[in-house]
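K.L.:
Fold the following.
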Amino acid sequence: MNSDALPRRRFFKEVSVAAAGVALQSSLSAAEASPALATEKPAATVGGIPRRKLGQTGEMVSILGLGGHTIALADSEAESIRIIHEAIAAGVNFMDNAWEYNNGRSEDVMGKALKGKRNQVFLMTKVCAHIRGQTKEACLLMLEESLKRLQTDHLDLWMLHELATPAQVEAAWNPGGPMEALTEAKKAGKVRVVGFTGHQDPKVHLAMLKHDYPLDAVLMPVNAFESGRKGFRTEVLPELTKRNLGVLGIKSLGGTPAAILSEGRYTARQLLRFSLSHPITTQIVGMRSLQNLRDNLETVRNFTPMPKDEMEKLVAQVSALKVEESAQYQHPQYRDGRGIIS
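P.N.:
Predicted structure coming up:
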């Protein structure tokens, strides 16, 4: 077996989640007024980069995750690979990607970078049923394509990507649908743990969680830009924490970093620290240059949570912005990796 193959398949004990019909509302109303904050010390650090437990999987992952979309947008492929290599050397082990990012080029680049280093990282990619089709067969075909591009025989985490509507939630659970693909892939040893992602509607996340299925992780926005529409931090996050699921945060800069940072009102360090001050596993950040990486490493090394009063002040400042200025991903026509489409 080559160095990129998993030496021994490790299968995690499946996590039993609450059955359909669980009463969410009683616990959420209180959480809405006071979002959960990160209070526990990191269980481990590597190179000064803290690592947190991914729910009940037994995995320890860096609190900084390397975003798959922007990694293919560096000045050159060689630069993309250098970013990944330096991140790994610094202690970052969470690698994000998706089948659709840059028409597959993101997975291709990451696959090249991880050659000989596969066992040093926790590798996640996402299946895009909303593009190829809401069937088990279509999803499993995408999995094979992702594995080939990433040059590996297994994923550490495979997620059903970008659920945005009640219809997509319903389709996910249909017989012969995407969730059956996640189950089959896990049983086959091609996927170790599974979950789902979404950017726009917290109610979609709560609807997914009503199903009695052993999810391992959930991805969603965790940032200071949600004050105008309570939900992800105030409703979904407390429920995920209660179930001890892995929480993957995204959009610390609101999805429009150039606009936010150029105005000078906030810094990337400030906004990333805010996100990581919640009880999440990792915050996935887009990085297209070595300087981006090094700046983020400085933020997360020996991380300490932001004081609550400072967090509240930041949320109040951000809430004064218009949604379209501060959080492009909230636009109804936003699509991950493609921005607002017509």
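K.L.:
Show me the shaky parts of the stretch 51-200 of the chain.
P.N.:
Applying pLDDT under 70 to the stretch 51-200 of the chain picks out no residues at all.
K.L.:
So which residues of the stretch 1-150 of the chain form helices?
P.N.:
25-33, 68-71, 77-90, 105-113, 129-132, 136-150 (DSSP state H, counting those that start in this stretch).
K.L.:
JSON lines please, covering the ones you listed and showing distance to residue 310 and mean neighbour count.
P.N.:
Any C-beta I mention is one placed from the backbone N, CA and C, and that applies to glycine too. Output for the helices of the stretch 1-150 of the chain, formatted as JSON lines (distance: least, C-beta to C-beta, whole Å; neighbours: other C-beta atoms under 10 Å):
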{"stretch": "helix 25-33", "distance to residue 310": "18", "mean neighbour count": "12"}
{"stretch": "helix 68-71", "distance to residue 310": "28", "mean neighbour count": "24"}
{"stretch": "helix 77-90", "distance to residue 310": "26", "mean neighbour count": "18"}
{"stretch": "helix 105-113", "distance to residue 310": "34", "mean neighbour count": "22"}
{"stretch": "helix 129-132", "distance to residue 310": "38", "mean neighbour count": "18"}
{"stretch": "helix 136-150", "distance to residue 310": "39", "mean neighbour count": "19"}
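K.L.:
how about those in JSON lines, adding distance to residue 56?
P.N.:
Shown next, in JSON lines, are the helices of the stretch 1-150 of the chain (distance: least, C-beta to C-beta, whole Å):
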{"stretch": "helix 25-33", "distance to residue 56": "19"}
{"stretch": "helix 68-71", "distance to residue 56": "25"}
{"stretch": "helix 77-90", "distance to residue 56": "25"}
{"stretch": "helix 105-113", "distance to residue 56": "27"}
{"stretch": "helix 129-132", "distance to residue 56": "25"}
{"stretch": "helix 136-150", "distance to residue 56": "23"}
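K.L.:
so which of those gets nearest residue 217?
P.N.:
Across the helices of the stretch 1-150 of the chain, residue 217 has its closest neighbour in helix 68-71 (15.4 Å, C-beta to C-beta).
K.L.:
then the closest one to PDB, C-alphas only?
P.N.:
Extracted in PDB, the C-alpha atoms of helix 68-71 (Å, rounded to 0.1, in the frame of the first residue of the first chain):
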ATOM      1  CA  GLY A  68     -10.400  24.900  -1.100                       C
ATOM      2  CA  HIS A  69     -11.900  27.400  -3.400                       C
ATOM      3  CA  THR A  70      -9.400  30.200  -3.100                       C
ATOM      4  CA  ILE A  71      -6.400  27.900  -3.000                       C
END
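K.L.:
so what does that helix touch, helix or strand wise?
P.N.:
When contacts are defined as 3 or more C-beta pairs under 8 Å, 6 or more residues apart in numbering; DSSP states H and E, helix 68-71 sits against helix 77-90, helix 105-113.
K.L.:
So what touches it?
P.N.:
Residues outside helix 68-71 that contact it (C-beta atoms under 8 Å, 6 or more residues apart in numbering) are 80, 83-84, 95-98, 101-102, 106-107, 109-110, 125, 286-288, 336-337.
K.L.:
centre of the chain versus it, how much separation?
P.N.:
13 Å (C-alpha atoms, centre = their mean, to the nearest Å).
K.L.:
same deal with stretch 288-305?
P.N.:
On C-alpha atoms, centre = their mean, the centre of stretch 288-305 falls 17 Å from that of its chain.
K.L.:
hmm, back to that, what about the helices of the stretch 1-150 of the chain, which gets the closest to residue 313?
P.N.:
helix 25-33 (17.1 Å).
K.L.:
what is the mean pLDDT for that closest one?
P.N.:
For helix 25-33, the mean per-residue pLDDT is 34.
K.L.:
Now distance to residue 261 too, for the helices and strands packed on helix 68-71, in JSON lines please.
P.N.:
Formatted as JSON lines, those follow (distance: least, C-beta to C-beta, whole Å):
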{"stretch": "helix 77-90", "distance to residue 261": "19"}
{"stretch": "helix 105-113", "distance to residue 261": "23"}
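K.L.:
if we compare those, which one ends up closest to residue 186?
P.N.:
Judging these by C-beta to C-beta, what sits closest to residue 186 is helix 105-113, at 19.8 Å.
K.L.:
The closest one: how far from the chain's middle?
P.N.:
Distance of helix 105-113 from the chain centroid (C-alpha atoms, centre = their mean) equals 18 Å.
K.L.:
Residues in contact with it: which ones?
P.N.:
Taking C-beta under 8 Å, 6+ apart as the rule, helix 105-113 contacts 68-69, 71-72, 77, 80-81, 84-85, 95, 97-99, 101, 125, 146, 149-152.
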